[in-house]
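Undergrad: Got a sequence here, can you model it:
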Amino acid sequence: LAYEEAMTCKAANGEYYNLGTHFIWIGDRTRQLDHAHVEYMRGIANPIGVKVGPSTDPAELVALLQRVWPDPASSPGRVTLITRF
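TA: This is a model prediction of the structure:
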């Protein structure tokens, strides 16, 4: 996360953005709810992707989406699910 944090800046609107990429994602190895990658994604305003596949537990996916996207109505389109088979 050191690289991602170095590329993160606070915008004039008070929100934080990762300026190092146009689309940042949470992968299979980084989607644990109590890990730093999920916490980092909660704190930025960028659109994000979540990779999902056969190893994804549906209940864990719902919990992850609620964590990184607590109010979908206020930011429609913020999260994109990326399927992996």
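Undergrad: Tell me the first helix or strand C-terminal of the longest helix anywhere in the chain.
TA: With residue count as the measure and DSSP state H as the assignment, the chain has helix 58-68 as its longest helix. Once the chain leaves helix 58-68, the next helix or strand it forms, by DSSP states H and E, is strand 79-83.
Undergrad: got the angle for that following strand vs helix 58-68?
TA: In this structure, strand 79-83 runs at an angle of 150 degrees to helix 58-68, with axes from the mean of the first three to the mean of the last three Cα atoms, to 10 degrees as the basis.
Undergrad: Give me the distance from strand 79-83 to the chain's centre.
TA: 10 Å (Cα atoms, centre = their mean, to the nearest Å).
Undergrad: which parts of that strand are buried?
TA: For strand 79-83, a neighbour-count test (16 or more other Cβ atoms under 10 Å) marks V79 as buried. Every residue, glycine included, has its C-beta placed from N, CA and C.
Undergrad: Show residues contacting that strand.
TA: For strand 79-83, contacts defined as Cβ atoms under 8 Å, 6 or more residues apart in numbering pick out 23, 25, 47-53, 65, 68-69, 72.
Undergrad: Reformat those residues as TSV; add distance to G14 and neighbour count.
TA: Rendered in TSV, the data for the contacts of strand 79-83 read as follows (distance: Cβ to Cβ, whole Å; neighbours: other Cβ atoms under 10 Å):
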residue	distance to G14	neighbour count
F23	22	11
W25	24	17
P47	18	14
I48	19	19
G49	24	15
V50	25	22
K51	29	17
V52	31	19
G53	35	10
L65	24	14
V68	19	22
W69	19	17
P72	20	12
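Undergrad: Average pLDDT for the longest helix of the chain, rounded please.
TA: On average, the pLDDT along helix 58-68 is 97.
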